[in-house]
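> pasting the sequence and the predicted coordinates here, then a few questions.
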Amino acid sequence: MTKTGTPLVEMRDISISFGGIKAVDHVTIDLYPGEVVGLLGHNGAGKSTLIKCLSGAYQKDAGQIFINGEPVEINNPRDARAQNIETIYQTLALADNLDAASNLFLGREIVSAMGFVDESKMESETRKIMARLNPNFRKFAVPVSALSGGQRQSVAIARAVYFNARILIMDEPTAALGPHETQMVSELIQELKAQGLGIFLIEHDIHNVMKLCDRASVMKNGQLVGTVNVADVTDEDLLSMIILGKKPAKAA
Amino acid sequence: MTEAPPPMTARAPSADQHLGPVARFLRATEIDTRLLGMAGALLLIWVGFHLYGAIFNGFGAFLTPRNLWNLSVQTSSIGIMACGMVLIIVTRNIDLSVGAMLGVTAMVMGILQVEILPDYLGLGHPAIWIITVVVGMTLGTAIGCLHGWLIAYRGIPSFIVTLGGLLIWRGSAFLAAGGKTISPVDQTFALLGGGPYGAVGATGSWIVGILGCLGVLWMLRAGRVNRHKHEFPQRPMWAEAFLAAIGCGAIIGAALLVNSYPWPVGILKQYYERQGLPVPEGVFISHGFAIPVLILITVGILMTILMTRTRFGRYVFAIGGNPEAATLAGINTRWMTLKIFALMGMLAGLSGAVASARLNSATNALGVFDELYVIAAAVIGGTSLAGGIGTIYGAIMGALVFQSLQTGMVLIGFDTAVQQIVVGCVLVLAVYLDNFYRSRSK
Ligand SMILES: Nc1ncnc2c1ncn2[C@@H]1O[C@H](COP(=O)(O)OP(=O)(O)OP(=O)(O)O)[C@@H](O)[C@H]1O
Ligand SMILES: [Mg+2]
């Protein structure tokens, strides 16, 4: 599958370092509407750091970000949200002392005409979206600290999906999920993709990558090894890219 | 994204049959057990001191209208500041400077209304107290802003900033008046501190009481309407009735209590003399709710609305629960921190007005150790030093528990050293019990 036209997102020549360590070193990746791009690499390769530059959690040291071909400045998470970029962080980024609804709407609470937070409305909206993502979810009235890892993950996923994202960043969204829930997330990704969203998916499971992604960008030690069309490569090709850091000869 | 409405069953309090009657009662009424615990502790303290006095001193002085009325007034100043301290501690900060802020704002207000404003407006001008309070609260806000800025934007730990502030503002208060005591304060201003004239009287108290009862009923009704709208299960009717009875009962009881505390003879004489009348035979003039208590209640209600009904309050809790998550959710945590400290400063200024009005003077001792009492009140009231957890009503209850202990020990004649030891023990014990309770309830 070859993409043409303007990419939804282009991150061009992004660099960021912490102290002396170049966590991301001149990396360029892009994403088209209705496409899932997998971000692969060993632990500490710089995947999370790269996408945090897009989500506004970090400020890149160098490079440019284009949305629909327009250069944009993303200096904080609010800027990213304003561009309809939603993120599921690897750490989930939930406030443990708040319940699912409060976390889902954190920073974007539903308020009444008087400016007061409409707690019931938020809870009922949360029930609706959770019924779809994780029908077994029942713990609406307790702080998320009382939830299991997978339940917490579904709250984080619900938060990213609820607000009609155009660009979705998922950093290991199924790491804590059971097989059934993982299956549901796979279906969700396919459904969102069909709706025309662009999705960056960070995922260690090659099998899932082969199944869900259109293209895969592989990173090693902060640098981009290369981007391949998933249809053109085998699991072994991807694995060797991750481990050896070399692009297979046949894939362009 | 459209989907079928989900089944609303998760919250239904129906599968409770296996619970004991107490648990079922608590579940149905949705009463916060922590609040219940604190009310119990308070009752224990009150009855304990009363009985101790009755048995060992031959006179139980605690459960008298006079003592309880005084207790309410004494709680006000600490209680007002404890409301602000909740926000500070919930966001994982601390403010050690509240007593010193109280001191310096009270001193500036004292100088302003005693030495400056009368020269321009004339002694006893009705605008004096308003200007004074506004200036005092503005000064407090400004100091709080400075603290908040240093903490949020300059990265200095709040412990250090406010420890510095404690020394700086205490010293500034002393320098401002050259170590003198400033008195007497403006007559209208003095009403903010309570006293026989600084209370709303019998009729006023009934008006306050009726408004309070209407408020309780309105809240219960609004709750039902809201649950109905979103198809959440309702509390059983008997539980609603019970809550209404408890709420209104407490308010009416308080009104009866403050109305049964009469003006003392000296005040009666003064009052009638001013009108050129003799004191009528058998006259009974009630104190009613003291103005500082009404100020505390107003602050408590406003702060509760702020914390539970506004975005600002949500962000306070979110920052306390996970500062990183709050930032990633687009919350400007620095700006929030600055605002929270500014709010604390404003409340310290208000408290400074109440405390100096009560004393009828601004002294250098005003607010000394208050930071400890305020922090203790918040913590006893269930605010977690680990952040993320705390309630305004808890902090006010904490202040009341704390003040009850102090008052009780004074009444039965413990000396200061023993008082300190007891208060210290209670603080540690309260936090221990709270931790214990929390770990059990998880
Ligand atoms: N805030 C930070 N401060 C200092 N170093 C950081 C920070 N964030 C990331 N790093 C470093 O940057 C490098 C890349 O980290 P990153 O989290 O992006 O890896 P990753 O590819 O997401 O790995 P994983 O698969 O384990 O999630 C690591 O060496 C990490 O130690
Ligand atoms: Mg990562």
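Thanks, I have the structure now. Ligands and ions are numbered 1, 2, ... in the order given.
> from here on, contacts and neighbour counts on C-alpha atoms
Will do.
> so which elements touch the helix or strand harbouring residue A:190?
Using DSSP states H and E, residue A:190 falls within helix A:179-194. Secondary-structure packing of helix A:179-194 (3 or more CA pairs under 8 Å, 6 or more residues apart in numbering or on different chains; DSSP states H and E): helix A:119-133, helix A:206-212.
> buried sites along the first one?
By neighbour count, and taking 16 or more other CA atoms under 10 Å in any protein chain shown as the criterion, the buried residues in helix A:119-133 are A:119-133.
> could you report the separation of the closest residue to residue B:365 other than its chain neighbours from ligand 1?
Closest residue to residue B:365 in three dimensions, ignoring its sequence neighbours and counting by CA to CA, 6 or more residues apart in numbering or on different chains: residue B:103, at 7.6 Å. Distance from residue B:103 to ligand 1, counting by CA to the nearest ligand atom, to the nearest Å: 42 Å.
> could you say which helix or strand holds residue B:103?
Using DSSP H and E, residue B:103 falls in helix B:98-111.
> avg pLDDT for that helix?
The average pLDDT within helix B:98-111 is 97.
> going on from it, what's the next piece of helix or strand?
Following helix B:98-111 toward the C-terminus (DSSP H and E): helix B:117-121.
> which secondary structure elements does that following helix sit against?
Going by 3+ CA pairs under 8 Å, 6+ apart, helix B:117-121 lies up against helix B:128-152.
> tell me the angle the helix it packs on makes with helix B:98-111.
Computed by axes from the mean of the first three to the mean of the last three CA atoms, to 10 degrees, the angle separating helix B:128-152 from helix B:98-111 equals 150 degrees.
> what's the burial count for the closest residue to chain A within chain B?
With CA to the nearest CA, the shortest gap between chain B and chain A falls at residue B:325, namely 4.3 Å. Neighbour count for residue B:325, taken as other CA atoms under 10 Å in any protein chain shown: 21.
> leaving aside the residues adjacent along the chain, what's closest to it?
residue A:93 (4.3 Å).
> what about that neighbour, neighbour count?
Neighbour tally, residue A:93, other CA under 10 Å: 21.
> before we move on, the earlier item: contacting residues around the residue of chain B closest to chain A?
A:93, A:94, A:95, B:318, B:319 (CA atoms under 8 Å, 6 or more residues apart in numbering or on different chains).
> 10 Å - rerun?
A:89, A:91, A:92, A:93, A:94, A:95, A:96, A:103, A:106, B:318, B:319, B:331 (CA atoms under 10 Å, 6 or more residues apart in numbering or on different chains).
> which phi and psi does the second one have?
Note on residue A:91: its backbone torsions stand at phi -80, psi 0 [degrees, to the nearest 10].
> roughly how far does it sit from chain B?
9 Å (CA to the nearest CA, to the nearest Å).
> burial measure for that residue, as a count.
Residues near residue A:91, counting by other CA under 10 Å: 12.
> how is chain B partitioned into domains?
Domain assignment for chain B by automatic domain parsing gives B:34-51+B:60-199+B:290-441, B:200-289.
> next: chain A.
If you go by automatic domain parsing, chain A breaks into A:1-84+A:166-252, A:96-164.
> which one of the ones you listed lies closest to ligand 1?
domain A:1-84+A:166-252 (3.1 Å; CA to the nearest ligand atom).
> per-residue confidence averaged over the closest one?
90.
> and stretch A:107-122, by the same measure?
91.
> end to end on that stretch, go ahead and measure it.
End-to-end span of stretch A:107-122 (CA to CA, to the nearest Å): 13 Å.
> in that stretch, which residues are buried?
Within stretch A:107-122, judged by 16+ other CA under 10 Å, the buried ones are A:107, A:109, A:110, A:111, A:116, A:117, A:118, A:119, A:120, A:121, A:122.
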